[in-house]
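J.: give the three-dimensional model of this entry:
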Amino acid sequence: MPTARQLCCGLIRILASLVVLPVGILTGAAGAAPLVIDFSDLTLAADSYFNGGPTTNTAGWTSGGVFFGNGFTDWGGGFISWNGFAYSNVNNTSNGAFTNQYATFTGTPFAGSIYAVTYFDTFAGRPVFLDLPTGYLPASVRITNTTYTAYDMANGSGFSRAFGPGDYLSVTFTGHSGAGATGGSTGSTTFFLGDFRDGKTTIVSTWELLDLTPLTLNGQPASIGLSWASSDVGDFGINTPTYAAIDALTFAPVPEPATWILLAAGAVAAGALWRPRVTR
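T.: Okay, here's the model as predicted:
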């Protein structure tokens, strides 16, 4: 049987560890519900997408209280460009052409019937970002390739090469202290959409779970910025198509001050119960 001293010491260690755990974990202990963005509040016709058009704008769109940045430009003559976030229910896994840029390579969304597609346009001059809802911290997201990017890594194109040993495509999620991916970094995490380093031949084709709690390592973010990196780079930047599909974006509520007070009070009380044994 453990002694009273051992029990008290164990309690102190548990409470102390809770004090330094990430806020998202404390939220679960407090029983507050997470916010999951599955885009179920959006509507689309079958096999379609929204990319910010049809007219030129720099406005984004909102789902579940989260603002997704978007920019759309109509250049005339049937030529358009966009940057940031679109949403889609296109699930064509066989067409690897640019015309199929809004399709997920998994063939289906992860959660509901709609998912988000994110794209970085080198020439747009705008960051790819989403703004967090008030009172929440990033927890996780499901991520995968678009069909266009997956086929490009596998086969190459007139603008990019097929991936071989040492090649990679990654996307980094960075927390920012200000809205619109402004302000200082609060932390980041990187996901490899394609990885041919160290003998691997990975082109992601399933919805993978990415932990976003590292984005709160240095503070509470107001927004998340996305940036891509690739081994295939030319004079105008990355040659590999810089897309990704995301779904089930999950946020944890920021704990109320009472939660912190309760934990601190528990730690103090546990400490008061323990007294060192003096041996003679």
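
J.: mind checking the pLDDT average for the longest strand along the chain?
T.: What stands out as the longest strand in the chain, according to DSSP state E, is strand 182-195. Here strand 182-195 scores 98 as its mean pLDDT.

J.: what about the strands in the stretch 151-280 of the chain?
T.: For the stretch 151-280 of the chain, strands defined by DSSP state E, counting those that start in this stretch occupy the ranges 168-178, 182-195, 202-203, 208-211, 223-230, 233-234, 237-238, 243-253.

J.: so the first one versus strand 223-230, what angle?
T.: Going by axes from the mean of the first three to the mean of the last three C-alpha atoms, to 10 degrees, strand 168-178 is angled at 160 degrees with respect to strand 223-230.

J.: list the helices and strands strand 168-178 packs on?
T.: For strand 168-178, the elements it packs on are strand 136-144, strand 182-195, strand 223-230, judged by 3 or more C-beta pairs under 8 Å, 6 or more residues apart in numbering; DSSP states H and E. In short, each C-beta sits where N, CA and C put it, glycine included.

J.: then that strand to CSV, C-alphas only?
T.: Presented in CSV, the C-alpha positions along strand 168-178 are these (Å, rounded to 0.1, in the frame of the first residue of the first chain):
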residue,chain,number,x,y,z
TYR,A,168,9.5,16.4,-51.5
LEU,A,169,6.5,18.7,-51.3
SER,A,170,5.5,20.1,-47.9
VAL,A,171,3.0,22.5,-46.5
THR,A,172,3.7,24.4,-43.2
PHE,A,173,1.0,25.7,-40.9
THR,A,174,2.2,28.7,-38.9
GLY,A,175,0.3,30.4,-36.1
HIS,A,176,0.3,34.2,-36.2
SER,A,177,-0.5,36.7,-33.4
GLY,A,178,-2.5,38.9,-35.8
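
J.: 35 is where my numbering starts, stick with that
T.: From this message on, residue numbering opens at 35, which makes the last subject strand 202-212.

J.: what pairs with that strand, and is each one parallel or antiparallel?
T.: The pairing partners recorded for strand 202-212 under DSSP bridges are strand 216-229 (antiparallel), strand 257-264 (antiparallel).

J.: list the buried residues in it.
T.: By neighbour count on 16 or more other C-beta atoms under 10 Å, the buried set for strand 202-212 is 202-205, 207-210.

J.: ok, stretch 115-128 next?
T.: For stretch 115-128, a neighbour-count test (16+ other C-beta under 10 Å) marks 115-127 as buried.

J.: avg pLDDT for that stretch?
T.: For stretch 115-128, mean pLDDT rounds to 97.

J.: from residue 193, how far off is residue 286?
T.: Look at residue 286 and residue 193: by C-beta to C-beta, to the nearest Å, they are 40 Å apart.

J.: repeat that for residue 105.
T.: Counting by C-beta to C-beta, the separation of residue 105 from residue 193 is 22 Å.

J.: which one's more surrounded, those two?
T.: residue 105 (22 against 13; other C-beta atoms under 10 Å).

J.: what sits up against the longest strand of the chain?
T.: Contacts of strand 216-229 with the rest of the structure, by C-beta atoms under 8 Å, 6 or more residues apart in numbering, involve 177-179, 183-184, 187, 197, 201-211, 236-238, 242, 244-246, 248-257, 263, 274, 278.

J.: quick one on the thing from earlier: please identify the most buried of the helices and strands packed on strand 202-212.
T.: Across the helices and strands packed on strand 202-212, the average number of neighbours (mean count of other C-beta atoms under 10 Å) peaks for strand 170-178, which reaches a mean of 23.

J.: before we move on, back to that, now the buried residues of strand 202-212 in a markdown table, with distance to residue 154 and pLDDT?
T.: Shown next, in a markdown table, are the buried residues of strand 202-212 (distance: C-beta to C-beta, whole Å; pLDDT from 0 to 100):
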| residue | distance to residue 154 | pLDDT |
| --- | --- | --- |
| 202 | 16 | 98 |
| 203 | 12 | 98 |
| 204 | 12 | 98 |
| 205 | 9 | 98 |
| 207 | 13 | 98 |
| 208 | 13 | 98 |
| 209 | 18 | 98 |
| 210 | 16 | 98 |
